[in-house]
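> All I have is the shape, not the residue letters:
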């Protein structure tokens, strides 16, 4: 798989930066806003406002949004609909300033390998997307007001097509001339608890394959000439992360039951989080390689989350559409 070893999200960088500091401490150049919706959805918005903030979090300047959903919302219609609305709201907040006219075209790109379930998030989103550019051109009289021209592609991966994804997308941008690209991709999580429970949105673009030494051409404003909004969901986790989380659980158990004076606790607790992860990864990779794990129910999960993201995009891009109208166009 080509996925990143770590989720490309400022929230986790913010958490790492803030370890050992007061909960309400501020990070220079960074603003953080949290909101809870209906008691079961949490939204965290991280805005890296300037170069100082980018340096502090080691992330590009821009907006990063994390939508945390219940771990097992699947099949619960009320939560599903609220997730769609929340995703739509957060996307609209980012895309509205980038789209000046109702007829500004948006290109949606579903990244990933459709032959690998955990990597098929992007292509599956495309299947549930309202594609309207051709309708606006050929049967405009059948289209309601408030419907934006949207086109989409799932370009596959280099190993299947022999063509860099960046080359395909750049060619489409030059030909179609959209005002915005939305790219969807599956990620590899830094924390096991975030597997399939977060939707991550950023206005800084995306670099497929960056974290596993398979770095491909970035999709961002610099490479495409137009803004790129990235949507990602951590669908897998690497073995080093699982081992790291297990050690943290052991530390917690030692602290609660054996006390902080135990030699093992003292040794493990003095290792910085990033150093601990690197140490574990260095020990595991020679024997297991870059071992990636997905939950056993990943096929059902990907189906459900892809529909949430697709409907979030559908509702956010088309002012005349709500959740009840989507089936008319899909």
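Perfect, thanks for sending it. No experiment lies behind these values; they were computed from the predicted model shown. Numbering: from 1, shown residues only.
> From here on, just use CA atoms for contacts and neighbour counts.
OK.
> Residue 314 - that's part of a strand, no?
No - Residue 314 is assigned helix when assessed by DSSP: H, G, I helix; E, B strand; the rest coil, not a strand.
> Tally up the residues packed near the residue nearest to it when sequence neighbours are not counted, please.
Nearest non-adjacent residue to residue 314, counting by Cα to Cα, 6 or more residues apart in numbering: residue 130, 6.0 Å away. Around residue 130 there are 25 other residues, counting by other Cα atoms under 10 Å.
> Go ahead and confirm residue 130 touches residue 326.
Yes - in this structure, residue 130 is within contact of residue 326 by Cα atoms under 8 Å, at 7.2 Å.
> Overlap of the contact sets of those two?
Shared contacts of residue 130 and residue 326 (Cα atoms under 8 Å, 6 or more residues apart in numbering): residue 314.
> residue ranges of the helices in the chain, please?
Secondary structure of the chain by DSSP state H: the helices cover 10-18, 51-57, 77-95, 121-127, 133-138, 158-161, 165-176, 221-224, 239-253, 263-269, 273-288, 298-317.
> same for the third one, what does it pack against?
Counting by 3 or more Cα pairs under 8 Å, 6 or more residues apart in numbering; DSSP states H and E, the packing neighbours recorded for helix 77-95 are strand 62-68, helix 298-317.
> so how far is residue 103 from the residue nearest to residue 149 when sequence neighbours are not counted?
Leaving aside its sequence neighbours, residue 149 sits nearest to residue 133 (Cα to Cα, 6+ apart; 4.1 Å). Distance, residue 133 to residue 103, by Cα to Cα, to the nearest Å: 9 Å.
> So between these two, which is more surrounded?
Between residue 133 and residue 103, residue 133 has the larger neighbour count (other Cα under 10 Å), namely 19 against 16.
> Was I right to think the more buried one contacts residue 150?
Yes - using Cα under 8 Å, residue 133 is in contact with residue 150, at 5.0 Å.
> Spit out the residues that contact those two alike.
Taking Cα under 8 Å, 6+ apart as the criterion, residue 133 and residue 150 both touch residue 105.
> now stretch 139-148: how far from the chain's centre is it?
Remark: stretch 139-148 is offset 30 Å from the chain centroid, using Cα atoms, centre = their mean, to the nearest Å.
> gap between the two ends of that stretch?
14 Å.
> Can you list the buried residues in it?
The neighbour-count check on stretch 139-148 (16 or more other Cα atoms under 10 Å) flags 147, 148 as buried.
> what comes into contact with that stretch?
Under the criterion Cα under 8 Å, 6+ apart, residues 102-106, 132-133, 135-136, 317-321 lie in contact with stretch 139-148.
> tell me the mean pLDDT over it?
Mean per-residue pLDDT for stretch 139-148: 80.
> Kindly report the same for stretch 218-237.
Per-region confidence: stretch 218-237 scores 93 on mean pLDDT.
> now it, how far from the centre of its chain.
With Cα atoms, centre = their mean, you get 9 Å for stretch 218-237.
> re earlier: any shared contact partners between residue 133 and residue 103?
148, 149.
> Let me know the distance separating the residue most central in space within the chain from residue 244.
When Cα atoms, centre = their mean is applied to the chain, the residue found nearest the centroid is residue 232 (1.8 Å). Applying Cα to Cα, the value for residue 232 to residue 244 is 23 Å.
> Also residue 226?
According to Cα to Cα, residue 226 and residue 244 sit 39 Å apart.
> Ok, residue 33 next?
In this view, residue 33 and residue 244 are 28 Å apart by Cα to Cα.
> more neighbours, those two?
A side-by-side neighbour count of residue 33 and residue 244, using other Cα under 10 Å, places residue 244 first with 21 against 10.
> tell me the pLDDT at residue 256?
Residue 256 is assigned 63 on the pLDDT scale.
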